[in-house]
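Student: everything below, folded, please.
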Amino acid sequence: MGRTVTFAFQSMNFDGTEASETFTLEELGIDGELADGELKKNIDQVFHAWLCDKLNITFSVVMEEQKQE
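Tutor: Predicted structure coming up:
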């Protein structure tokens, strides 16, 4: 078995809202030979997708630049 990563969350506001799952990097489609920073970035992206799926939520971040008049 290769390297594994465990995703977990627990809500402090909603009792019983929690989950934990362990995956191999291969199961997540992540190359275990990536540099540490790139590996973490890939794992973070997969974690966010996993979390949104578990909580059945979507989110977005909108950045706007104020125009000078």
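
Student: go ahead and confirm residue 50 touches residue 7.
Tutor: Yes. Contact status for residue 50 versus residue 7: in contact at 5.1 Å, counting by C-beta atoms under 8 Å. Heads up, the C-betas are built off the backbone N, CA and C, glycines and all.

Student: how about the strands in the chain?
Tutor: Counting by DSSP state E, one finds strands in the chain at the ranges 4-10, 18-24.

Student: what's the overlap in contacts for residue 50 and residue 7?
Tutor: Here residue 50 and residue 7 have residue 21 as joint contacts, going by C-beta atoms under 8 Å, 6 or more residues apart in numbering.

Student: residue 64: which of the strands of the chain is closest?
Tutor: Among the strands of the chain, strand 4-10 comes nearest to residue 64, with 29.7 Å by C-beta to C-beta.

Student: which residues touch the closest one?
Tutor: 17-25, 28, 43, 47, 50-51, 54-55.

Student: dump the strands of the chain to a markdown table, plus mean neighbour count, mean pLDDT and distance to residue 62.
Tutor: Rendered in a markdown table, the data for the strands of the chain read as follows (neighbours: other C-beta atoms under 10 Å; pLDDT from 0 to 100; distance: least, C-beta to C-beta, whole Å):
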| stretch | mean neighbour count | mean pLDDT | distance to residue 62 |
| --- | --- | --- | --- |
| strand 4-10 | 13 | 92 | 24 |
| strand 18-24 | 12 | 92 | 28 |
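
Student: I'd like those as TSV, with distance to residue 36 appended.
Tutor: Output for these, formatted as TSV (distance: least, C-beta to C-beta, whole Å):
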stretch	distance to residue 36
strand 4-10	13
strand 18-24	18
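
Student: circling back: out of the contacts of strand 4-10, flag the one nearest to residue 37.
Tutor: Of these, the one sitting nearest to residue 37 (C-beta to C-beta) turns out to be residue 43, at 10.9 Å.
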